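**Student:** Requesting a structural model of the entry that follows:
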Amino acid sequence: MTIAMYSRTSWRDVEPDFTVGQTDGEFTGTIERIDARFHATTNVGEVLGSFRSREAAERALERSAARRGQQSAEPARSARDTALLKAAALMAGIAATGAAGIIAAVTL
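**Tutor:** Residues are numbered from 1 along each chain as shown. Take a look at the predicted model:
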């Protein structure tokens, strides 16, 4: 008998090497590909590590989000905090795009 795991996390490629995740409507974290590694960072800026595959980075972020969801003592995030985290993710995507453009211009 095989039991399939259902992931409530959706992943969106913001840039070719920059992905953001959302679990149950909440920002989960980011995955950035640098060279051949995938670097996962949570929604609160905690670096989870460097992984060999995007899938491994996704699973690490999903486990982290599940642990945070089980911590009932942690107060619920306000709408303002959620908006700030989403803005930070957007800014990180913009910064990554700018850095890629600079690198491309310098290597030409």
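**Student:** quick one: secondary structure of the residue nearest the centre of the chain?
**Tutor:** The residue lying closest to the centre of the chain (CA atoms, centre = their mean) is residue 30, at 1.7 Å. Three-state call for residue 30 (DSSP: H, G, I helix; E, B strand; the rest coil): strand.
**Student:** Can you name the residues bridging to it?
**Tutor:** Taking DSSP bridges as the rule, residue 30 bridges to residue 20, residue 41.
**Student:** That one against residue 41, yeah?
**Tutor:** Yes. At 5.1 Å, residue 30 counts as touching residue 41 under the criterion of CB atoms under 8 Å. For glycine as for every other residue, the C-beta is placed from the backbone atoms N, C-alpha and C.
**Student:** hang on, the earlier thing: for the residue nearest to the centre of the chain, give me its contacts.
**Tutor:** By CB atoms under 8 Å, 6 or more residues apart in numbering, the contact list for residue 30 reads 18, 19, 20, 21, 40, 41, 89, 92.
**Student:** Residue 9: which of these is nearest?
**Tutor:** Nearest to residue 9 among the contacts of residue 30 is residue 21, at 5.1 Å by CB to CB.
**Student:** ok, that closest one - how many residues close by?
**Tutor:** Residue 21 has 24 neighbours, counted by other CB atoms under 10 Å.
**Student:** and it, how far is that from residue 58?
**Tutor:** According to CB to CB, to the nearest Å, residue 21 and residue 58 sit 7 Å apart.
**Student:** Then residue 23?
**Tutor:** Taking CB to CB, one finds residue 23 at 11 Å from residue 58.
**Student:** Quickly list what's touching both of the two.
**Tutor:** Shared contacts of residue 23 and residue 58, counting by CB under 8 Å, 6+ apart, come down to residue 9.
**Student:** Where does the prediction get shaky in the protein?
**Tutor:** The chain contains residues with pLDDT under 70 at 1-7, 70-77, 96-108.
**Student:** quick one, strands of it?
**Tutor:** 9-15, 18-23, 26-34, 37-42, 47-51 (DSSP state E).
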